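J.: Model the structure of this input:
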Amino acid sequence: MRVQLEQIRLEPYRWSEVLHIPAERLDNSEIVDLGDVTWRGEIRYAAPAFRLLATVEYDQTVRCQRCLEPVVLPERADLELAIFEDGAEVVPGEYELDESDFGVLYVDSDVVDLEPLLIEQMQLNVPMRTVCREDCKGLCPSCGADLNAGECGCGPPADPRWAELERLRSRLR
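T.: So this is what the prediction gives:
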């Protein structure tokens, strides 16, 4: 969704929409599926910048890191940005960011595309590590059986670091 900032100077712009975004758009292999995304917010002029306040809500399905079962996680995130027209304040080269720079967006025209902001916010919500439950036993490293369903019969995996000692032990018997 593209928004003309010039029109917002007189009257705030509000939106509320339900979108279907394919999981591939997030470019993250952890995401299995995304539910419908509710994206609503408001942009209003607050000199010298525009202020964007938005909320995104959706369900994301990721895989458990131990057993690979799908886990549905409800997500809700609030987004607040100050939007400055004409990125003239941006100095080329290296720049050290401080905390106040994270809520600022510089645009080169009077049009703001909200979709990249939504996608970025959703990418930030992908958890780094997910387990279906704290006591998840995962998969057997030998046969790949789900250990939550029961023991697989493989026994504990042999530690390759002890292999030489095991060979010595078997020769001494």
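
J.: Look up how far Tyr58 lies from the residue nearest the centre of the chain.
T.: Taking Cα atoms, centre = their mean as the criterion, Val126 is the residue nearest the geometric centre of the chain, at 2.5 Å. Separation of Val126 from Tyr58 (Cβ to Cβ, to the nearest Å): 12 Å. For every residue, glycine as well, the C-beta is placed using N, CA and C.

J.: Could you pull up phi and psi at Asp146?
T.: With angles defined as degrees, to the nearest 10, Asp146 sits at phi -80, psi 110.

J.: Could you check the pLDDT of it?
T.: We have a pLDDT of 89 for Asp146.

J.: looking at this, Ile119 is in a helix?
T.: Yes - remark: Ile119 belongs to a helix, assigned using DSSP: H, G, I helix; E, B strand; the rest coil.

J.: Tell me who's in contact with it.
T.: Counting by Cβ atoms under 8 Å, 6 or more residues apart in numbering, Ile119 makes contact with 21, 25-26.

J.: quick one: pLDDT of it?
T.: 93.

J.: Quick check: phi and psi on Glu6?
T.: Torsion angles, degrees, to the nearest 10, at Glu6: phi -60, psi -40.

J.: From Val107, how far out is it?
T.: Taking Cβ to Cβ, one finds Glu6 at 12 Å from Val107.

J.: out of these two, which sits in the more crowded spot?
T.: Val107 (15 against 11; other Cβ atoms under 10 Å).

J.: what sits against the nearest residue to Asn28 once chain neighbours are set aside?
T.: Closest residue to Asn28 apart from its sequence neighbours, by Cβ to Cβ, 6 or more residues apart in numbering: Val126 at 5.2 Å. Counting by Cβ under 8 Å, 6+ apart, Val126 touches 26, 28, 30-31, 60, 62.

J.: check contacts around Asp113.
T.: Per Cβ under 8 Å, 6+ apart, neighbours of Asp113: 1-3.

J.: my bad, Leu105
T.: 52, 81-84, 112, 117 are the contacts of Leu105 under Cβ under 8 Å, 6+ apart.

J.: what do you get for Cys132?
T.: 64, 66-67, 69, 71.

J.: Can you give me the distance of Val71 to Leu147?
T.: Following Cβ to Cβ, the distance that separates Val71 from Leu147 is 17 Å.

J.: Done for today, thanks.
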